[in-house]
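> sequence-free structure coming up:
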């Protein structure tokens, strides 16, 4: 059962104000949802992946509570969580790639990256590099991709997190996929 958005928003605001009790109440409410997001991404990783959903959630949560920002609502929280999970997974992939002594990154189709199912660290790194280039063109498109791919958020949840309409998210999602397909085809 998902927690009530208003309850989560209130607890986020109280936590932001320094209320430790609010943070203690918030953790169990959000933990399962964060774990679902992490599990959805990691389920498509290579079979011998050593990073587990619990570890990803724990690392993301530690970074989330250190964030110095005004939490607008539940969707905003999960949007930021999506960005942090992307960064954690990219850092993990970089470490894995380095451990392989710089094994060459092969060509990657957009479908492999967009459905969050890279078979190796090189795929995550290629997607991250392409998203970094896209952020120079349109940062909003990158936020949509992060929330949809890394955060597992729906169109509606992404729209709420970004404060835009679902139609805008659908349009941005289509534009991002088209741009990424073109750019990743060049690799």
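Received, thanks. Keep in mind that what you see is a predicted model, and the values were worked out from it rather than measured.
> Which strands or helices does the helix or strand hosting residue 78 pack on?
Per DSSP states H and E, residue 78 falls inside helix 74-99. Using 3 or more C-beta pairs under 8 Å, 6 or more residues apart in numbering; DSSP states H and E as the contact definition, the elements that helix 74-99 packs against are helix 5-16, helix 20-42, helix 53-65, helix 121-137, helix 155-162. Just so you know, the C-beta spots here come from the backbone N, C-alpha and C atoms, and that holds for glycine as well.
> Give me the distance from the very next helix or strand once past the fourth one to the chain's centre.
Tracing the chain past helix 121-137, the next element assigned as helix or strand by DSSP H and E is helix 139-145. Distance, stretch centre to chain centre, for helix 139-145: 11 Å (C-alpha atoms, centre = their mean, to the nearest Å).
> Equivalent analysis for stretch 168-185, please.
17 Å.
> Excluding chain neighbours, what is closest to the most centrally placed residue in the chain?
For the chain, residue 82 is the residue whose C-alpha lies nearest the centre (C-alpha atoms, centre = their mean; 2.4 Å). Spatial nearest neighbour of residue 82, excluding adjacent residues (C-beta to C-beta, 6 or more residues apart in numbering): residue 151 at 2.7 Å.
> returning to that earlier point: quick one: closest of the helices and strands packed on helix 74-99 to residue 185.
Closest to residue 185 of the helices and strands packed on helix 74-99, according to C-beta to C-beta: helix 121-137, at 10.4 Å.
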